[in-house]
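Peer 1: Got a sequence here, can you build the structure:
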Amino acid sequence: MKKRKGSRNRKTQETNIRVKFTLDGTGKSNIDTGVPFLNHMLTLFARHGLFDLDLKARGDLGVDAHHTVEDCGILLGQALFKAVGDKKGIKRFGYAYAPMDEALARVRVVLDLSGRPGFFFSTNKRDSSCTTTDKNARLIKHFLKSFSDEAKLTLHVDIIKEGGDIHHAMEAVFKAMGLALDQATTIDKRAKDIPSTKGTL
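Peer 2: Numbering: from 1, shown residues only. Just a heads-up that it's a prediction; the model follows:
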């Protein structure tokens, strides 16, 4: 089977980014965004989803990481959308749970390659650091929103038990997202058409 691939390049006054993404890969990645935490998260995503990902980004990090993180999400989403192609035969839906060590950060990710962008994030703690104080967590949430918008998928992230380490919670999110996306993009040999009663996604 021909490997499904997508690539995107974009240069603005704020960022210069190049992305090459292969759905049917082996989990290899070469990532340099200038934001170490994002590098780590995307490496986990590629490894556990068995995607090949090459991403290079240069941004105005002297101002803030916001532009770089947002634009990486945009271009990776666009590359995924291109790689998925016409969606014939894909399973479309995917879900996964991922625990993370002593923090017991259990994360549920459910996604639908629906053609309808949507990002929904929840945690079981009203005062969760994932939604309030942690800068990395806020940036990652913004990345996920940009990614789901451009990939045209519906993405639900539920942190069922945060534990005491936000880093671990975010790791679990990206591991689970890789697993769920791998499931959703798998070709079902029994299916010949687009997985929708409407005939389009």
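
Peer 1: Now do the buried residues in stretch 186-201.
Peer 2: By neighbour count with 16 or more other CB atoms under 10 Å, stretch 186-201 contains the buried residues 194-195, 201. C-betas here are computed from N, CA, C, even on glycine.

Peer 1: Out of the residues you listed, which comes closest to A184?
Peer 2: Nearest to A184, judged by CB to CB, of these is P195 at 9.8 Å.

Peer 1: I'd like the distance between the nearest residue to the closest one once chain neighbours are set aside and K161.
Peer 2: Excluding its sequence neighbours, the residue lying closest to P195 (CB to CB, 6 or more residues apart in numbering) is R92, at 4.2 Å. According to CB to CB, to the nearest Å, R92 and K161 sit 28 Å apart.

Peer 1: still on that earlier bit, what would the buried residues of stretch 186-201 look like in a markdown table with secondary structure and distance to I140?
Peer 2: Listed next are these as a markdown table, based on DSSP: H, G, I helix; E, B strand; the rest coil; distance: CB to CB, whole Å:
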| residue | secondary structure | distance to I140 |
| --- | --- | --- |
| I194 | coil | 31 |
| P195 | coil | 29 |
| L201 | coil | 27 |
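
Peer 1: Would you check those and say which has the weakest pLDDT?
Peer 2: Lowest pLDDT of those: L201, 74.

Peer 1: ok, now how distant is that residue from D86?
Peer 2: In terms of CB to CB, L201 sits 9 Å off from D86.

Peer 1: which non-adjacent residue is nearest L201?
Peer 2: G115 (4.3 Å).

Peer 1: same question, K192
Peer 2: Distance criterion CB to CB, 6+ apart; nearest residue to K192, sequence neighbours excluded, is G89 at 6.4 Å.

Peer 1: Give the full set of residues in contact with the one you found.
Peer 2: Applying CB atoms under 8 Å, 6 or more residues apart in numbering to G89 gives the contacts 187-189, 191-193, 195.

Peer 1: As CSV, could you dump the C-alpha coordinates of stretch 171-188?
Peer 2: Below are the C-alpha coordinates for stretch 171-188, written out as CSV (Å, rounded to 0.1, in the frame of the first residue of the first chain):
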residue,chain,number,x,y,z
GLU,A,171,2.6,13.3,28.2
ALA,A,172,-0.4,11.1,28.6
VAL,A,173,-2.5,13.3,26.4
PHE,A,174,-0.1,13.1,23.5
LYS,A,175,0.5,9.4,23.9
ALA,A,176,-3.3,8.8,23.9
MET,A,177,-3.8,11.1,20.9
GLY,A,178,-1.2,9.2,18.9
LEU,A,179,-2.9,5.9,19.7
ALA,A,180,-6.4,7.2,18.9
LEU,A,181,-5.4,8.8,15.7
ASP,A,182,-3.6,5.6,14.6
GLN,A,183,-6.8,3.7,15.2
ALA,A,184,-9.0,6.3,13.4
THR,A,185,-6.8,6.4,10.3
THR,A,186,-6.4,2.6,10.0
ILE,A,187,-7.8,1.2,6.7
ASP,A,188,-10.5,-1.4,7.2
